[in-house]
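**Q** predicted model, plus sequence, below.
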Amino acid sequence: MSIYRLNIMVCGGTGCMASDSQGIVDNFKDILKEKGYDQEVQVLKTGCFGFCEQGPIIKIHPDNVFYVKVTPEDVEEIVDEHIIKGRRVERLLYEDPDLKEKINEQSDMSFYKPQLRIALRNCGLINPEDIFEYIAYRGYEALGTVLKNQSPEDVINTMIQSNLRGRGGGGFPTGLKWKFANKAPGDEKYIICNADEGDPGAFMDRSILEGDPHSVLEAMAIAGYAIGAETGLIYIRAEYPLAIKRLEIAIDQAKEQGLLGKNIFGSDFNFNIKLKYGAGAFVCGEETALIASTEGLRGEPRNKPPFPATSGFKGKPTNVNNVETLANVAPIILNGPEWFNKIGTEKSNGTKVFALAGAINNVGLVEVPMGTTLREIVYDIGGGIRGGKAFKAVQTGGPSGGVITTKDLDTPIDYDSLQAIGSMMGSGGMIVMDEDTCMVSIAKFYLDFTQEESCGKCTPCRIGTKRIFEYLEKLTEGKATMDDLHNLKELCESVKDTALCGLGQTAPNPVLSTMEYYWDEYVAHVNGHCPTKECKALLSYTIDAEKCIGCTACVKKCPVDCISGERKEPHVIDEAVCIKCGACYDVCPVDAVIKP
Amino acid sequence: MSDKIKLTINKQIVEVNPGTTVLKAAKSIGIEIPTLCHMDLCDFEFVNKSASCRVCVVEIEGRRNLAPSCVQKVEEGMVVKTHTPRAIRGRRTSVELLLSNHPQECFTCPKNLDCELQKLADDLNIRDIHYVGEKINYEKDSSSFSIVKDPNKCIMCRRCETMCNEVQTCGILSGVGRGFDVIVAPAFKLPLQDTSCTFCGQCVAVCPTAALTESNRTREVWRALADPTKHVIVQTAPAIRAAIGEEFGMEPGTLVTGEMVSSLRELGFDGVFDTDFAADLTIMEEASELVHRIEHNGTLPILTSCCPAWVKFIEHNYPEMLDIPSSCKSPHIMFGAIAKTYYAEKNNIDPEDMVIVSVMPCVAKKAEAHRPELTNYEDSNVDLVITTREAAAMIKEAGLDLKNMPKTDFDKMMGESSGAGVIFGTTGGVIEAATRTAYEWITGETLEDVEFNDMRGLEGIKSATVNIGDLELKIGIAHGLGNARKLLDSIKSGENEFHAIEIMACPGGCIGGGGQPYHLGDSEILKARQNALYAEDKGKKIRKSHENTEIIKVYKEFLGEPYGEKAHELLHTKYVKREKL
């Protein structure tokens, strides 16, 4: 193992990759080599730092310097200034928008200050492809402690006391899940890690796997010891090639070091981990569908009970935990359940990672203690609404969740509070919407997703979500009636009540929740009017005859020739032909075109 | 018993065994919950557990959602309400949604008045479909001669899948696609003809709608009957007489041989014959082949080859074992071969002017008739195959009420049969018939007790040992292709050794064929049909194939020796190795 003077961590998350962070890595490698520093400075592509808005991000250890919006062209300057001369490149430091000051330390940034990183503790900190860096940060110490000093029952009790709940969305107590699988009769048991992250916009699991794969492997081994399983499977979508590569490296390294395989830490405990690839079906996040897919069958859920704890993979007792849940396990073992209990709210302990997206200034991945209010997330961490617009709502729980409105901005975020206001924690997607967002369109967006992702097994989900989507389409086209609106509501309730799995049962939530808080908006659409003007079909442009000077600028610009009128006389728009492109509005020199 | 589970259904307390479903528990106290996708093949121990239609939902106290009673197991202290407004709304919504994505062409649908979805819509008082929208729009698959698949009528109940994959272990049908567009289809949505489908038709037998139906040939039969230049004759398979009455409201197991013959004659056929005659002919050949193989150290076991679905199954799945099935053509094909030669000659008819129609309990026989090797002198042995259901439809079309038709006999020359020929229609029957003849031929003694009880019944795999002189003849019997697979695997592994094996693709044998009146896995119906055939056998004066006087005559006047040269040319066939897909 070589020792480097400096480590340059370049973000390898999707956002930064899209902004050519690979080019940054390549340039660093070339320039360092050219200038003869490649033996003392290491360049690494690491997991997501979370602050995607400011990407591409690089961090230089041990100097603890955080550069934002770096381009491949900046690399030479960083090498010359920072690496060679030891001077910070000021212009690449983050500038606080309120204080208008450059911030040196990551922990001083308003984006990071309220965060507490447990699941993401090592992301951006360590080289995910080097097991010794993980070990240096107390990696595998929890597994060792458990194997040396604790019985499976002790481990389960610790997990129960910690009150860790499933981070994949359901919120079921992890310790209890382990207990059921432990108690289930059978010699052959399985641990499955659910890495089939399918919630649109959520990427915390991928970030953990890319940034800290060993934290998941270690937790799976601990879970295996607790329930009596010798095999762990990671069900991961094939669209996550970097996560897969890092997991493969991590598994190999753990095997080499004897941290996976036979007689781990000299105990009787054997544990191996295999990867199973999914084809990226949303429904395969549901555990019975996931298990079916793992077995090579069509990814379809089945009725529960029996639960996987008694009959799962190949009909054997199986414990399925999500990536983020597992990432919490080792710290709980190391720091004790009491430590974990002190974080968060009474019934929801610990932290939760959210993928913050939408009309917000600081888009990114954040981990906050449970009980943090939405206001803190949106305004403190998120930096408020983009373009100074007014906040309208936040969708949590992705396509299965609902909206949270202004009146609930101060709700502490935890499993039960979110459920109480008609949304859900879900896997942590958080889409922020501003005043210009049409709630009918938002509901339509989610239903478009769920009806596509339905496995098609049960009637309410296969046909019901399609019909719900069609109603929403009708609404956004101004073709729906009040009868349709009532039928839609009843259909949503019925689908929720009768669908086979969680996907179908929660699919109507975006509609029901927006109907509850924005019923007037739905009625407005029935009346042919979209209050936010997002639904193009409901717009109609007109020309103010008083203001129009007959300059014909709009006539020349109109792509469908729907504006007519004599020169120097007021013009008119033929609504039947108008495609609502807004070109006339933009070109009119006297503001005579009235935007609907 | 203390280990019973006590629960409340609609305020009534009920005690049932653990593991019972809410649906069954409710039924036990007379509460009917409507179902659609559910299918319980009781005695065959297969249940369609998909719980996908969401019609049987009920309210269970303390549960957030409605529960499907068909798979929901009872729990101690459970409080169930089966017809609250909420449960009924859930049920209605599911059916309305299914209808909203259904062609709704009931008038002309092959399953009109036989459709479970149609009946359910009526039962649930659905007079209005609140939800309208896009409908799936797939091409009909009419690629095969046996089965028509109309995906637009598929309601994703998955019964066909359970039959195809679990019962028959063929693995042709499964859910394909995602979301609204999902249908049950072969992999890559291949046409059935291009798959290793055996055309057993068990998918057709359980489909609640008309998503899977037989390829209908009744129009061609009418056309032939209308053609004065054609000599059209019909034969009916053994299992028809014990089932066709059901289509006319008669009890399962009512034998209507005479009424059936009159009805067909009334339709205008120039001759009404019995496939049982050909069954006896088959025994002459098959028993000869068995004796020949035993006496000449030939390949054993010998496998029966009457069932075309079974033949196609072994061709696809066990191509290395193609030397063991008997080379005998199936009985209705033998009938065709004899009709177009011996019968034609005797009656001075040009075989080219003949149309042979088979009424079969089977949809695989439709495809079988088109196998190129089953022709003589470039003419198909059998021209048209219709199922029991199609024959009943034609009789109804003619305004005849089979129930009240006079009983008449089959026509002479190919109308006589022994009891052995009759029992071909049930599992175990062919091999019992063969044993009756083989016994007498090998020993030269008269077999007094012709009934072999070990070979009877509805058990999936049966075995029997018959002492024939010095020989201990070991017999294996399987019905249902899943059981056939198990039996074949046990022979391959050397676990079992048999001299002769009978295999029928359909549960129960031909009485449960894919072309029979729909029994939906009700084994009581199958038992009644089986008993009817055994009763007919019992009532016959001649119960051994080789004693059938018409059979003796056909060998004497035309074929010569059983298993001889002419017999080989007309009555035997060969098999081809087929790919598995």
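**A** Noted; the coordinates are in hand.

**Q** pull the residues that contact the helix or strand of chain B with the lowest mean pLDDT.
**A** Ranked by mean pLDDT, DSSP states H and E, the weakest helix or strand in chain B is strand B:375-376, scoring a mean of 77. For strand B:375-376, the surrounding residues in contact (Cβ atoms under 8 Å, 6 or more residues apart in numbering or on different chains) are B:337, B:340, B:341, B:381, B:569, B:570. Glycine gets a C-beta too; all of them are placed from N, C-alpha and C.

**Q** so after that strand, what's the next helix or strand?
**A** strand B:379-380 (DSSP states H and E).

**Q** the residue most central in space within chain A: helix or strand, and which one exactly?
**A** Closest residue to the average C-alpha location of chain A: residue A:202 at 1.6 Å, with Cα atoms, centre = their mean. Of the helices and strands defined by DSSP H and E, none includes residue A:202.

**Q** am I right that it is in contact with residue A:355?
**A** Yes - between residue A:202 and residue A:355 a contact is recorded at 4.6 Å, counting by Cβ atoms under 8 Å.

**Q** picking that back up, which residues sit in contact with the residue nearest to the centre of chain A?
**A** Residue A:202 touches A:355, A:398, A:426, A:427, A:428, A:429, counting by Cβ under 8 Å, 6+ apart.

**Q** once you drop chain neighbours, what's closest to the second one?
**A** Closest residue to residue A:398 in three dimensions, ignoring its sequence neighbours and counting by Cβ to Cβ, 6 or more residues apart in numbering or on different chains: residue A:199, at 3.7 Å.

**Q** show the pLDDT at that neighbour.
**A** Looking at residue A:199, its pLDDT reads 85.

**Q** neighbours of it, just the number please.
**A** 23 (other Cβ atoms under 10 Å in any protein chain shown).

**Q** give the helix, strand or coil label for it.
**A** coil (DSSP: H, G, I helix; E, B strand; the rest coil).

**Q** which residue packs closest to the residue in chain A positioned nearest to chain B, ignoring adjacent ones?
**A** Chain B sits closest to residue A:456 of chain A, with a gap of 2.8 Å, by Cβ to the nearest Cβ. Spatial nearest neighbour of residue A:456, excluding adjacent residues (Cβ to Cβ, 6+ apart): residue B:182 at 2.8 Å.

**Q** check the contacts of strand B:375-376 against residue A:441 and report the nearest one.
**A** Nearest to residue A:441 among these, counting by Cβ to Cβ, is residue B:381 at 65.7 Å.

**Q** okay, and which of the contacts of strand B:375-376 map to helices?
**A** Per DSSP state H, helices hold the following members of these: B:337, B:569, B:570.

**Q** for the nearest residue to the second one once chain neighbours are set aside, grab the count of nearby residues.
**A** Spelled out, it's residue B:569. The shortest distance from residue B:569 to any non-neighbouring residue, by Cβ to Cβ, 6+ apart, is to residue B:376 (7.6 Å). By other Cβ under 10 Å, 15 other residues sit near residue B:376.

**Q** now the one 5 residues further on
**A** Burial of residue B:381, expressed as a neighbour count using other Cβ under 10 Å, amounts to 27.

**Q** could you do the one 5 residues further on as well?
**A** The local packing count at residue B:386 equals 25, with neighbours defined by other Cβ under 10 Å.

**Q** in what helix or strand does it lie?
**A** Secondary structure (DSSP H and E) places residue B:386 in strand B:384-387.

**Q** ok, the nearest residue to residue A:207 once chain neighbours are set aside - contacts?
**A** Closest residue in space to residue A:207, ignoring its immediate chain neighbours: residue A:48 at 3.9 Å, by Cβ to Cβ, 6+ apart. Listed by Cβ under 8 Å, 6+ apart, the contact partners of residue A:48 are A:11-16, A:123-124, A:203, A:206-207, A:210-211, A:365.

**Q** need those in TSV (columns: secondary structure).
**A** Shown next, in TSV, are those (three-state DSSP):
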residue	secondary structure
A:11	strand
A:12	coil
A:13	coil
A:14	helix
A:15	helix
A:16	helix
A:123	coil
A:124	coil
A:203	coil
A:206	helix
A:207	helix
A:210	helix
A:211	helix
A:365	strand
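
**Q** tell me the bridge partners for residue B:302.
**A** Note on residue B:302: beta-bridge partners residue B:500, judged by DSSP bridges.

**Q** residue contacts, whichever residue of the stretch 251-400 of chain B sits closest to chain A?
**A** The minimum distance from the stretch 251-400 of chain B to chain A, using Cβ to the nearest Cβ, falls at residue B:317 (19.7 Å). Counting by Cβ under 8 Å, 6+ apart, residue B:317 touches B:196, B:485, B:580.
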